[in-house]
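A.B. asks: Sequence and predicted model, in that order:
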Protein chains: 2
Amino acid sequence: MSVIGKPVLYSYWRSSCSWRVRIALNLKEIPYDIKPVSLVKNGGEQHSNEFREVNPMEQVPALHIDNHTLIESFNILLYLEETRPHRPLMPADPIKRARVREICEVISSGIQPLQNLIVLIYVGEERKKEWAQHWITRGFTAVEKLLSSSAGKYCVGDDITLADCCLVPQIFNARRFHVDLRPFPTILRIDRHLENHPAFTAAHPNNQPDCPPEATK
Amino acid sequence: MSVIGKPVLYSYWRSSCSWRVRIALNLKEIPYDIKPVSLVKNGGEQHSNEFREVNPMEQVPALHIDNHTLIESFNILLYLEETRPHRPLMPADPIKRARVREICEVISSGIQPLQNLIVLIYVGEERKKEWAQHWITRGFTAVEKLLSSSAGKYCVGDDITLADCCLVPQIFNARRFHVDLRPFPTILRIDRHLENHPAFTAAHPNNQPDCPPEATK
């Protein structure tokens, strides 16, 4: 049972958009409960009448916080940043903030929507691997170019930002679809810097309560 | 020739993402020059080596402003709001701000990326109309539901926000693809309130310098 006022994240272990929010909550040290929504069981619990009331887009994540339910992961990240500015995940400088959002948006609008589960089902089994590889490679080509001028240790400079919250889950998806990542050395370098960070590790699909045991073997 | 310091918008007349930014610039009364980028001439000027240096995603819009070039339309809208807060296009209340961004993100991540030119080319001539209709209808179903609790005269309350900047161009696209809009009375009502607004009219595709004369007939 949730403590009153403790945020509740509707999440699926392997959803990259849920993962973005899990990372940000962890980085900001905001305690939260997870309410798992299986995207595969019974044709997808996200399509149930009950969940459609939570999120009319019928997808995760959704975050119940401050007595309201918020949808859309990038929106949620920005809400957390606006209302919990401690441990900031955005720079103060407006141009650097724009650089962070550019990377977030290339991933959240330019890559993820084209390779998410519902679209791949619609694309069809035969074409889905090639389809996902095509759009991830296109997007990562742009991200790598953006990083060539923005990156320090992380996506924008030497502090972790919302861009890193979006990038790491997308790299996981790229590997799932066997995308050749060798053309993206900066992306890979940032991934190496973050793979053992406690906030990122705790948010990893394999460490979620709804991760099936066979997935971690 | 641009006045020094005057923003330059890389834009295509019919691009809904360029249109979002044109509306915001107009609403905020920020003078700007347009540099047209034809998405169709010679296979698309956005794919030229020259334009790839402007935007590695090879798409419009891009905005040269404050001595920097910004990409990704939602990012640009948020940058304008952060740096030009007069004539605000975001509410002050954090939850209402989240409601604005939810609508923006459903459109900019949940609809537009699936029906943009480059994806429809990849989908193929045979399937593209049905494909575009499917994803626009899915997204508008969610937007209509969100509007049922957020809308006043406009998407969120009675003031024009960034959500309206995103919605109006998407309605135009829905009509282009002959989407049945009758199930979306709130969307249609907001569209009617805005169709003769000078900032929206000036940003309309038919009123762009690169609009071919035959398109307005």
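C.D. replies: Arrived safely, thanks for sending. Numbers count the residues shown, from 1 in each chain, chains lettered A, B, ... in the order given.

A.B. asks: Any residues of chain A in contact with chain B? List them.
C.D. replies: Residues of chain A lying close to chain B by C-beta under 8 Å from any C-beta of the partner chain are A:55-58, A:66, A:68, A:70-72, A:74-76, A:78-79, A:82-83, A:94-95, A:97-98, A:101-102, A:104-106, A:108-110, A:112-114, A:119, A:122, A:131, A:134, A:139, A:141-142, A:145-146. For the C-beta atoms, the positions are set from N, CA and C on the backbone; glycine is no exception.

A.B. asks: what about the residue lying closest to residue A:11 once chain neighbours are set aside, helix or strand, and which?
C.D. replies: Leaving aside its sequence neighbours, residue A:11 sits nearest to residue A:18 (C-beta to C-beta, 6 or more residues apart in numbering or on different chains; 4.0 Å). Assigned by DSSP states H and E, residue A:18 belongs to helix A:16-27.

A.B. asks: mind checking how far that helix is from the chain centre?
C.D. replies: Mean-position distance between helix A:16-27 and its chain equals 6 Å (C-alpha atoms, centre = their mean, to the nearest Å).

A.B. asks: Tell me the helices and strands packed up against that helix.
C.D. replies: Judged by 3 or more C-beta pairs under 8 Å, 6 or more residues apart in numbering or on different chains; DSSP states H and E, helix A:16-27 is in contact with strand A:8-11, helix A:73-83, helix A:162-176, helix A:198-203.

A.B. asks: Dump those to TSV, plus mean neighbour count and mean pLDDT.
C.D. replies: What follows is the helices and strands packed on helix A:16-27, written out as TSV (neighbours: other C-beta atoms under 10 Å in any protein chain shown; pLDDT from 0 to 100):
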stretch	mean neighbour count	mean pLDDT
strand A:8-11	22	98
helix A:73-83	23	98
helix A:162-176	24	98
helix A:198-203	17	98
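
A.B. asks: Distance to residue B:14 added to those, as a markdown table?
C.D. replies: Converted to a markdown table, these look like this (distance: least, C-beta to C-beta, whole Å):
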| stretch | distance to residue B:14 |
| --- | --- |
| strand A:8-11 | 37 |
| helix A:73-83 | 26 |
| helix A:162-176 | 29 |
| helix A:198-203 | 40 |
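
A.B. asks: Can you say which of the ones you listed is nearest to residue B:194?
C.D. replies: Between residue B:194 and the helices and strands packed on helix A:16-27, the shortest separation by C-beta to C-beta is 22.3 Å, and it involves helix A:73-83.

A.B. asks: list the helices and strands that closest one packs on?
C.D. replies: helix A:16-27, strand A:62-65, helix A:94-105, helix A:162-176, helix B:94-105.

A.B. asks: Please render those as a markdown table that adds distance to residue A:199 to the earlier fields.
C.D. replies: Putting the helices and strands packed on helix A:73-83 into a markdown table (distance: least, C-beta to C-beta, whole Å) gives the following:
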| stretch | distance to residue A:199 |
| --- | --- |
| helix A:16-27 | 4 |
| strand A:62-65 | 17 |
| helix A:94-105 | 17 |
| helix A:162-176 | 9 |
| helix B:94-105 | 23 |
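
A.B. asks: winner for burial among these?
C.D. replies: A comparison of the helices and strands packed on helix A:73-83 by mean neighbour count, using mean count of other C-beta atoms under 10 Å in any protein chain shown, puts helix A:16-27 on top with a mean of 26.

A.B. asks: what's the following helix or strand after that one?
C.D. replies: strand A:33-36.

A.B. asks: which residues are in contact with that following strand?
C.D. replies: With contact meaning C-beta atoms under 8 Å, 6 or more residues apart in numbering or on different chains, strand A:33-36 is reached by A:2, A:6-13, A:208-210.

A.B. asks: please redo it, this time with the cut-off set to 7 Å
C.D. replies: A:2, A:6, A:8-12, A:209-210 (C-beta atoms under 7 Å, 6 or more residues apart in numbering or on different chains).

A.B. asks: so where's chain A shaky on pLDDT?
C.D. replies: A:1-4 (pLDDT under 70).

A.B. asks: Where is the longest helix in it?
C.D. replies: Ranked by residue count and defined by DSSP state H, the top helix of chain A is helix A:128-150.

A.B. asks: Buried residues, it. List them.
C.D. replies: A:128, A:131-140, A:142-147, A:150 (16 or more other C-beta atoms under 10 Å in any protein chain shown).

A.B. asks: Give me the distance between residue A:156 and chain B.
C.D. replies: Separation of residue A:156 from chain B (C-beta to the nearest C-beta, to the nearest Å): 13 Å.

A.B. asks: residues contacting the residue nearest to residue A:72 when sequence neighbours are not counted?
C.D. replies: Excluding its sequence neighbours, the residue lying closest to residue A:72 (C-beta to C-beta, 6+ apart) is residue B:105, at 3.9 Å. Residue B:105 makes contact with A:72, A:74-75, according to C-beta under 7 Å, 6+ apart.

A.B. asks: let's go with 10 Å and repeat that
C.D. replies: A:57, A:71-76, A:78, A:105, A:108-109, B:74, B:98, B:111, B:163, B:166 (C-beta atoms under 10 Å, 6 or more residues apart in numbering or on different chains).

A.B. asks: go on, residue A:10?
C.D. replies: Contacts for residue A:10 (C-beta under 10 Å, 6+ apart) come out as A:18, A:21, A:34-37, A:45-46, A:51, A:54-55, A:59-64, A:69, A:71.

A.B. asks: and with 6 Å instead?
C.D. replies: Contacts for residue A:10 were tallied using C-beta atoms under 6 Å, 6 or more residues apart in numbering or on different chains; they are A:35, A:37, A:60-62.

A.B. asks: Please name every helix or strand in contact with the helix or strand hosting residue A:52.
C.D. replies: Take DSSP H and E as the rule and residue A:52 turns out to sit in helix A:49-54. With contacts taken as 3 or more C-beta pairs under 6 Å, 6 or more residues apart in numbering or on different chains; DSSP states H and E, helix A:49-54 sits against no other helix or strand.
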